[in-house]
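>>> Sharing a model prediction with you, sequence too.
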Amino acid sequence: MGQLGLEGMPRRLYTCTPSRLNAWLDCPRRYRFSYLDRPSLPKGPPWAHNSVGASVHNALAGWWREPYERRTPAMAGILLTKGWITEGFRDQEQSTVWRDRARAMVSGYTSTLDPSDEPVGVERTVATRTSAIAVSGRVDRLDRRGDELVVVDYKTGRRPLTEEDARSSLALAIYAVASSRVMHRTCRRVELHHVPTGSIVEWEHSDDSLRRHIGRAEDIALEASEADERYRAWRADAAPASAGSRTSGTGSRKGASDTSSRTSGTGAGPVPPEIDASFPPNTGPICSWCDYRRHCPEGQASGSPHQPWDGLAEPA
């Protein structure tokens, strides 16, 4: 019996990122596919809107790393073009159109910035821990405004941002708490910068609101960690028997993970119903965008799949 199963023994800290916590909230089954099944199940094709987002983020990070005299809008466009990611687009023509649009995005956005206003951090990893979690994440940009820090997160999606997006974001709140811990400086303000439009939405947290977000993160972590423990205990028990079966050459599992939600990528055999029940699918519109849709019958039944380029905004 492992340490976590002993009565009265302290629970091991749940090590996570905001993305992992949000993955559990979005869909426990996708969480299992992403973080527990090994080897990982094959994903669907890459998404074009993710390529746009990553290309823009990389260009803006690279812009701040340039010497001061080279931090110009033109340089932002050059960095975008050099680092353009072509995956997920319908064809070369669509990729080129979006490369040019993204170049205009970063050039326009950087024209609003003061190149001498050096950030405290760019793509900076920050971390903190409580009695329940050890959480870390990477902040797009960390600014100093007066005596305090500000978390800046870039967004490239087609949906307009609202103050509520900044206020309710678990990730931004965690970044603020972790930045304060790492940098030994107060951080309560979080900002979402919508690069395509240059709009900024912000929220000023209080100590109480930050505590509430951390408490929420701990609650999520407790649910996820309990499911993790059940899964890992089953895998530890099932793996030796599975290994013996493979050695004897009895039975083939070829193709077993293609459609069944009860199949793991571990080689430990089909996931039993009582373990599968710990990771229920959260079906809805998000299923049409899921990287693991092909492995989830419930997700397939919830709607038609999207094309890899369907997440791109329509031209204005």
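Looks like it came in fine. In this text, all values refer to a predicted model and were calculated from it rather than measured experimentally.
>>> where exactly do the strands run in the protein?
Taking DSSP state E as the test, the strands found in the chain are 14-16, 121-129, 133-145, 148-155, 187-194, 199-204.
>>> Need the ones you listed in a markdown table (columns: mean pLDDT, mean neighbour count and distance to residue 39).
The way it works is simple: take the backbone N, C-alpha and C, and place the C-beta from them, glycine included. As requested, the strands of the chain are exported to a markdown table (pLDDT from 0 to 100; neighbours: other C-beta atoms under 10 Å; distance: least, C-beta to C-beta, whole Å):
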| stretch | mean pLDDT | mean neighbour count | distance to residue 39 |
| --- | --- | --- | --- |
| strand 14-16 | 97 | 20 | 21 |
| strand 121-129 | 97 | 18 | 27 |
| strand 133-145 | 97 | 19 | 25 |
| strand 148-155 | 98 | 22 | 32 |
| strand 187-194 | 98 | 22 | 36 |
| strand 199-204 | 97 | 15 | 40 |
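>>> Let's have these in TSV, adding distance to residue 164.
Rendered in TSV, the data for the strands of the chain read as follows (distance: least, C-beta to C-beta, whole Å):
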stretch	distance to residue 164
strand 14-16	24
strand 121-129	24
strand 133-145	20
strand 148-155	14
strand 187-194	11
strand 199-204	9
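>>> Nearest to residue 275, out of those?
For these, proximity to residue 275 was assessed by C-beta to C-beta; strand 14-16 is nearest, at 18.7 Å.
>>> residues in contact with the closest one?
Strand 14-16 is contacted by residues 132, 133, 134, 135, 221, 222, 224, 225 when judged by C-beta atoms under 8 Å, 6 or more residues apart in numbering.
>>> for stretch 65-80, same thing?
The contact list for stretch 65-80 (C-beta under 8 Å, 6+ apart) reads 55-56, 58-60, 62-64, 99, 102-111, 113, 115-116, 122.
>>> packing partners for the biggest helix by length in the chain?
Across the chain, the longest stretch assigned as helix under DSSP state H is helix 207-248. If contacts are counted by 3 or more C-beta pairs under 8 Å, 6 or more residues apart in numbering; DSSP states H and E, helix 207-248 sits against strand 14-16, helix 18-26, helix 28-35, strand 133-145, helix 170-183, helix 273-276.
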